[in-house]
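Chemist: what follows is a protein structure lacking sequence information:
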């Protein structure tokens, strides 16, 4: 089974960014956190204009997780979701919605526990070890 990990992706083209890709081309980079079983647990709350900015956002989340404020809320269609904020700025959101609040609470707890130990994969740079 694979370990929990952050995966970078090109949000515009919906493809994973891999080592060796052209790092100079403009992209819309996003990140997602995959659990040990490859399930998409959470995503970055915004899209970045470079992989470097995306990596910096992951680093900021990991470094400031103790300061994060998380909450569970209900959407307009009565589904539950979670969100994580750092310094009042949305940092991460649930990858999906949930029918029950307890499911969203549990998914949030899993996300928070995985962030600390997750590595980054799929980056086109060798900076992965620094996140």
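Modeler: Nice, I can see it. Computed from a predicted structure; not experimentally measured.

Chemist: please count neighbours and contacts with C-alpha atoms only from this point.
Modeler: Fine.

Chemist: what about residue 84, which SS state?
Modeler: Assigned with DSSP: H, G, I helix; E, B strand; the rest coil, residue 84 falls in the strand class.

Chemist: how about the longest helix seen in the chain: buried residues?
Modeler: The residue-count maximum for a helix in the chain (DSSP state H) belongs to helix 101-117. Residues of helix 101-117 classed as buried: 101, 104, 105, 107, 108, 111, 112, 114, 115 (neighbour count, 16 or more other C-alpha atoms under 10 Å).

Chemist: what does the pLDDT read for the closest residue to the fourth one other than its chain neighbours?
Modeler: In this case it means residue 107. In this structure, residue 107 finds its nearest non-sequential neighbour in residue 41, 7.1 Å apart by C-alpha to C-alpha, 6 or more residues apart in numbering. Listed pLDDT for residue 41 reads 95.

Chemist: check the one 3 residues further on too.
Modeler: Residue 44 carries a pLDDT value of 96.

Chemist: got the contact list for it?
Modeler: Taking C-alpha atoms under 8 Å, 6 or more residues apart in numbering, we find residue 44 in contact with 30, 31, 32, 91, 92, 93.

Chemist: ok, now with 10 Å
Modeler: With contact taken as C-alpha atoms under 10 Å, 6 or more residues apart in numbering, residue 44 is in contact with 8, 29-33, 54, 57-58, 61, 83-84, 90-95.

Chemist: neighbours of the residue lying closest to it once chain neighbours are set aside, how many?
Modeler: Once flanking residues are discounted, residue 44 sits nearest to residue 92: 4.4 Å by C-alpha to C-alpha, 6+ apart. The number of residues packed near residue 92 is 24, by other C-alpha atoms under 10 Å.

Chemist: check residue 67 too.
Modeler: 11.

Chemist: likewise the one 3 residues further on?
Modeler: Other residues within reach of residue 70, judged by other C-alpha under 10 Å, total 19.

Chemist: ok, it touching residue 90?
Modeler: Yes. Counting by C-alpha atoms under 10 Å, residue 70 does reach residue 90; the two are 9.5 Å apart.

Chemist: got any residues that touch both of those two?
Modeler: Both residue 70 and residue 90 are in contact with 83, 84, where contact means C-alpha under 10 Å, 6+ apart.

Chemist: please consider this matter closed, and thank you.
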